[in-house]
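**Q** sharing a model that was predicted from the sequence below.
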Amino acid sequence: MSNQNTTIAFVRDNMLDQQPAPRGQVGMSKWIRDNLFSNWLNTALTLVSIVLIYSLLRGALPWIFGGVWDANSLQECREILSGRHAACWGVINERWQQIFYGTFFPSSEYWRTHIAFVLLIIAVLPVLFDALPRKLLWLTAAYPFLMVWLIWGGSLWGPLSIAMGFVVAYFATIGAGRYMGSGLSTLVGVAIALLWWFLIGPAIVGVLNDTVPLFALREIQSRELGGFVISMIIGVSGIALSLPIGIVLALGRQSDLPLVKAMCIGFIEFFRGVPLITLLFTASLLLNYFLPPDVVFDLTLRVIVMVTLFSSAYMAEVIRGGLAALPKGQYEAADALGLDYWQAQRLIIMPQALKISIPGIVNTFIGLFKDTTLVFFIGIFDMLAAAQAIRANSAWNGITWELYIFIGLIFWVCCFSMSRYSQWLERKLRTDHH
Amino acid sequence: MTTMIDPPKADGFHISQLLYDTRYRSITIQVIAFIAFMFIALFLVMNVKSNLASLGKEIDFGFLKNPANYDIKQRLIEYDSTSSNFRAAMVGLLNTLFVAFLGCILATIIGVTAGVLRLSKNWLIAKIMTVYVETFRNIPVVIWIIATMAVLTETLPQPKSFRGENPDASMWLWDSIAVTGRGTYIPSPDWGAGSAFVVITFLLSLLGIWAFGRWAKRRFEATGQILPNFWIKIAIFFVPSLLVFFILGRPIGLNFPVLTGFNFKGGFELSNSFLALWLALSVYTGSFIAEIVRSGILAISKGQSEAAAALGIRPSRTMNLVILPQALRVIIPPLISQFLNLTKNSSLALAVGYQDLRATLGGTTMNNTGRELESMLLMMLIYLIVSLVISTGMNVYNKSMKLKER
C-alpha cells in the first residue's frame, strides 16, 4: 500500500456518545409524518377527513351533550331548549321502561326479568370462559327451565316436569344400554321421554298444581312480553338452538347417504333462499293451515322456531365450510384409531371444524340477534314497536332521533361485544405459529 | 395367532344385521328417514286439506288473472289498477330486482373503497373506515332503513321552498336534479327519431370493448406488451356513440323536472322510500363487503408482493396483476352471499312502503283476495328462484376465476 508509511493526522480511539435521533425521526412528529402526511395523496385525505370529522362533531356533540333529560313531553322539552337545536333525551328518561320491557309487561313483575337477565349472564359465563369453575355448567343446563318459569310465570312444576323428561330419558338410555346396542337404547330413551312429556308429566303436573303450587308466580301471557326482553328471549333461544341443528344439518349435507343428503340440501337451500320476513309471515299467517284445527301455537314460540330454522341453515353452511377445510388425514386418522362415526365426530372432527368456523358462527349469531327486529312487522311488541308507540303518543309526537339512536346503541353494544369475544376466542384457540 | 375376525356366516340374513352391519345400516337409516319425511309431509298436506275444506276454500291460482284494483306508485313497466294481479306481482318483482341490482352496485363500490382504505397507511382514514364498518355492521338494517327514511323526509326541503324569487332551496347540477322531502327528481331521457341508432352504436361499442379485451390479452400473451387498455376501452365506450349522437343531430334529449303547482313534474321520480331502501341497504351491506375485501387482500401473503417487486413489476401493476387476481378468489364466494343477503333484505321495503314483491303479491294482493296460502307460497317460490339464479350465476363466474390446477 502506498500510504502505509504516511503519518495519520488523527485517529479517534474513544467511542462517540450515543446521540439522540434527529427531531424529525422520533416521537410524535415522525408518527404524524409517517401516518398522516407521507405523500400528497395522504395529506389530502387527512385534511379532508379532518374537515369532515370537525363538521360532524360540531353538529353532533352540542346536540348530544346539550340535550334535555328532564322533560315529560316534546313540547316541554322544546320550551326548555327555547330554540336551541339539541336532543330531547327526556323521552328516554321517561319511557325507558317501555323500551326495555314492552308496553304491557306489568311493572310489579319487572324484578323477574332482572333476575332472569342476571342468571343468564351467570349461566353463559362458564360457556364463554373455561377458566371458570365447571360446576357452574349445572346452572347453564338448568337455565332454560328457570327462564321459562321466571318470564312466563306459573308454578315451577311445569318446567321441572320438562326437565324431568330429560333425566328420565337419560336413565332409560343407560338402563336399556345394558341389554341392547347404542342405537336402539337411544330410541328407547327418546320414546320414554316423549311418553313422559305428553302423557305422564302433564297428568302429574296438573295434580300437583292443584294441590301444592310450587313457587307460583303470576302468569304472564306471551303477548304481554315486549321490548328488549322479547328480543333477548328470541335471540338467546335462537342462538342456543340453531348451533346444534346447524351441526346436524352440516353433517347431513356431508354424509354418504344420498337421501339424507338430499333432504338436508333441500332444507338448507330453502331457508337460505327466502327472506326471513316471508318466513315470519308464514309463521303468523299460514301456520294455522298446517296444523290440526285444535292445536294452538303461541306466536312467540312460532317466531322462535322460524328464526332458529332460518339461522340454522346459515349455521350449517358455516360449519360445512369448517368441515371442508379439515385435511382428509384427520378423518383417516380417526378411522385408523377405530373410532365409529359419532366418536370420530365428537372427539376429532367437530372440535377442529368448529374452531375453524368460530368467526362465521359468531357472525351468524350476530345476524340472528339483529334479525329479531323483524318480529316488529308481525305484531310482536319489540323495541321498534315501542318506539313507534311512543312516537304515536301525543306527548312525544314528532320525536325520532333520540329513540332510534338509543335502540341502535343497545343493539350495537350487544353485537359489538359478541364480535370482540369471538376475536378473543380465535386468538386464544390459535395453535399455529405466527 | 388366530385372527380375531369372525368367519363369514353362510346361514343368511339376520334382522339384527339391519342395525349393526354397516353394509345394511345406511339403507335402514335412509328408509327410516324417508318414511319419517313422508309421514310429516303427509301430515301437513292432510292438515292443509282439512283446514281449507272447513274454511270452504281450495287452492286456486285463478286470482292472478283478476284485476288488481290498486295502484302502484313506483313501476318500471306499464301498470294501472285494472291490470291483473299477476302483472302487479311482476311490477313488484321488477321493483325488488331494481333496488337489489342498484344496491349491489353501490354496496360494492362503497365496500371496496372502505375495505381498501381500511388498509391504508393513513392512520386517520383507516380509523374512520373502522368506525364506519363497526357502526353499520352491528346495528340492524331495519333501523338504518327507518333512520334513512327519516333523514330524507325530515331534513330535505319541501317542494314549496324551491319557489319564489329567492328560494330557500335550489336544484342541483344546473337545475337538473331536484332533491326534495317528497322524492328526488332526475332528468329522464326523451327518445327522439333516430335514437335507436345511437343505442345500437352504444351496444356495438360494448361488444367492441369485449372483443378488444380478448385481442389485447392474446397480444399480451404472445408479445408481452401491455397497451394502455383502460384508456382505449374508455375511448371505445364514449367516442363512437357520441359521434353518432352528434351526426344524427342529438336525437336523445333530456326531460328536466320543473316545479309546477305543488310538486315537480317531468323527469323521473325516485321516491323517498326507494332512496331510503337503496341507500340504507347499500351502506349496510357495504360495511360487510369492506370486511370481505380487507380480509381477501390480507389473505394474500406478503411474499407475493415481494416477489412481484423482485421481478421488477411496478407497484401500480403489482396490485392489478398479482394481488387482485388472487384476492378475488378469496373475495368472490362471500361476496356472492352478501349480494344474496342484500336481495333478500330488500323485502324490508315493508318498513318504508316501497312497493316490492312482498308489498304487492304478499301484501295488497294477498289482503284483497284473501288467498294467503297461494300468495305466500308463490312469493317464496319466486324469491327462491331469484336466489338460486343469482347464486348459480355467481358460482359459474367463481369457477372461471378459480385457480386452474394442472
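**A** Cool, got the structure. Residues are numbered from 1 along each chain as shown, chains lettered A, B, ... in the order given.
**Q** could you use CA atoms for every contact and neighbour count after this?
**A** OK.
**Q** where does pLDDT dip in chain A?
**A** A:1-6, A:181-183, A:213, A:432-434 (pLDDT under 70).
**Q** what ranges does it have for its strands?
**A** According to DSSP state E, chain A carries no segments that qualify as strands.
**Q** how about the residues of it by chain B?
**A** Taking CA under 8 Å from any CA of the partner chain as the criterion, chain A approaches chain B at residues A:35-37, A:42, A:45-46, A:49, A:183, A:257, A:259-260, A:270, A:273-278, A:282, A:285-286, A:289-293, A:366, A:370-371, A:373-374, A:400-401, A:404, A:408-409, A:411-412, A:415-416.
**Q** one more time with 6 Å
**A** Those residues of chain A that sit near chain B, judged by CA under 6 Å from any CA of the partner chain, are A:35-36, A:273-275, A:289-292, A:370, A:408, A:411-412, A:415.
**Q** a markdown table for these, including neighbour count?
**A** What follows is the residues of chain A next to chain B, written out as a markdown table (neighbours: other CA atoms under 10 Å in any protein chain shown):
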| residue | neighbour count |
| --- | --- |
| A:35 | 19 |
| A:36 | 22 |
| A:273 | 25 |
| A:274 | 27 |
| A:275 | 25 |
| A:289 | 20 |
| A:290 | 18 |
| A:291 | 19 |
| A:292 | 16 |
| A:370 | 23 |
| A:408 | 20 |
| A:411 | 21 |
| A:412 | 20 |
| A:415 | 24 |
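**Q** quick one: which of these sit in helices?
**A** Within those, residues falling in helices by DSSP state H are A:35, A:273, A:289-290, A:370, A:408, A:411-412, A:415.
**Q** that older thread, let me know the closest of the residues of chain A next to chain B to residue A:141.
**A** Set against residue A:141, the nearest of these by CA to CA is residue A:415 (24.0 Å).
**Q** and that closest one, what does it touch?
**A** Residue A:415 makes contacts with A:366, B:138, as judged by CA atoms under 6 Å, 6 or more residues apart in numbering or on different chains.
**Q** over to residue A:431?
**A** Contacts were defined as CA under 6 Å, 6+ apart; by that measure residue A:431 touches no other residue.
**Q** in the stretch 201-350 of chain B, which spans are strands?
**A** Using DSSP state E, counting those that start in this stretch, the strands of the stretch 201-350 of chain B run over B:252-255, B:258-260, B:263-265, B:268-271.
**Q** out of those strands, which is closest to residue A:93?
**A** Using CA to CA as the measure, strand B:268-271 is the one of the strands of the stretch 201-350 of chain B that comes nearest residue A:93, at 35.3 Å.
**Q** list the buried residues in that closest one.
**A** Neighbour-count burial for strand B:268-271 flags B:268-269, B:271 (criterion: 16 or more other CA atoms under 10 Å in any protein chain shown).
**Q** for residue B:49, grab the count of nearby residues.
**A** When neighbours are defined as other CA atoms under 10 Å in any protein chain shown, residue B:49 has 17 of them.
**Q** sorry, back to before: who wins for proximity to residue A:209 among the strands of the stretch 201-350 of chain B?
**A** With CA to CA, the closest approach to residue A:209 among the strands of the stretch 201-350 of chain B belongs to strand B:268-271: 58.5 Å.
**Q** isn't residue A:320 right up against residue A:251?
**A** No: between residue A:320 and residue A:251 there is no contact under CA atoms under 6 Å: 7.6 Å.
**Q** so who does residue A:68 touch?
**A** Counting by CA under 6 Å, 6+ apart, residue A:68 makes contact with A:88-90.
**Q** which of those has the most neighbours?
**A** For these, neighbours were counted by other CA under 10 Å; the highest total belongs to residue A:88, with 31 neighbours.
**Q** now that one. Its backbone dihedrals?
**A** When quoted as degrees, to the nearest 10, the phi and psi of residue A:88 stand at phi -110, psi 80.
**Q** enumerate every residue touching it.
**A** A:67-68.
**Q** at 7 Å instead, please
**A** The contact partners of residue A:88, taken as CA atoms under 7 Å, 6 or more residues apart in numbering or on different chains, are A:67-69, A:77, A:402.
**Q** try residue A:142
**A** Listed by CA under 7 Å, 6+ apart, the contact set of residue A:142 is empty.
**Q** just residue B:296 next, same as before
**A** Contacts of residue B:296 were listed using CA under 7 Å, 6+ apart, and they are B:327, B:330-331.
**Q** from those residues, pick the one nearest chain A.
**A** Distances from those to chain A were compared by CA to the nearest CA; the smallest belongs to residue B:330, at 13.3 Å.
**Q** what's around that closest one, how many residues?
**A** Applying other CA under 10 Å, I find that residue B:330 has 20 neighbouring residues.
**Q** what sits closest to it if chain neighbours are left out?
**A** Nearest in space to residue B:330, with sequence neighbours left out and distances taken as CA to CA, 6 or more residues apart in numbering or on different chains, is residue B:296 at 5.4 Å.
**Q** residue B:57 and chain A, how far apart?
**A** 11 Å (CA to the nearest CA, to the nearest Å).
**Q** now the helices for the stretch 301-434 of chain A?
**A** Ranges of helices in the stretch 301-434 of chain A, per DSSP state H, counting those that start in this stretch, are A:328-336, A:341-344, A:350-356, A:358-371, A:383-392, A:401-429.
**Q** ditto for chain B
**A** Counting by DSSP H, chain B has these helices, from start to end: B:17-20, B:22-55, B:85-118, B:123-137, B:141-155, B:195-223, B:229-247, B:272-299, B:302-310, B:315-318, B:324-345, B:357-359, B:366-369, B:372-401.
**Q** most tightly packed of these?
**A** Of all the helices of chain B, helix B:357-359 carries the top mean neighbour count, a mean of 26, counting by mean count of other CA atoms under 10 Å in any protein chain shown.
**Q** packing partners of that helix?
**A** Taking 3 or more CA pairs under 7 Å, 6 or more residues apart in numbering or on different chains; DSSP states H and E as the contact definition, the neighbouring helices and strands of helix B:357-359 are helix B:85-118.
**Q** contacts (any at all) between chain A and the helix it packs on?
**A** No: with CA under 7 Å from any CA of the partner chain as the threshold, helix B:85-118 lies outside contact range of chain A, at a closest distance of 10.3 Å.
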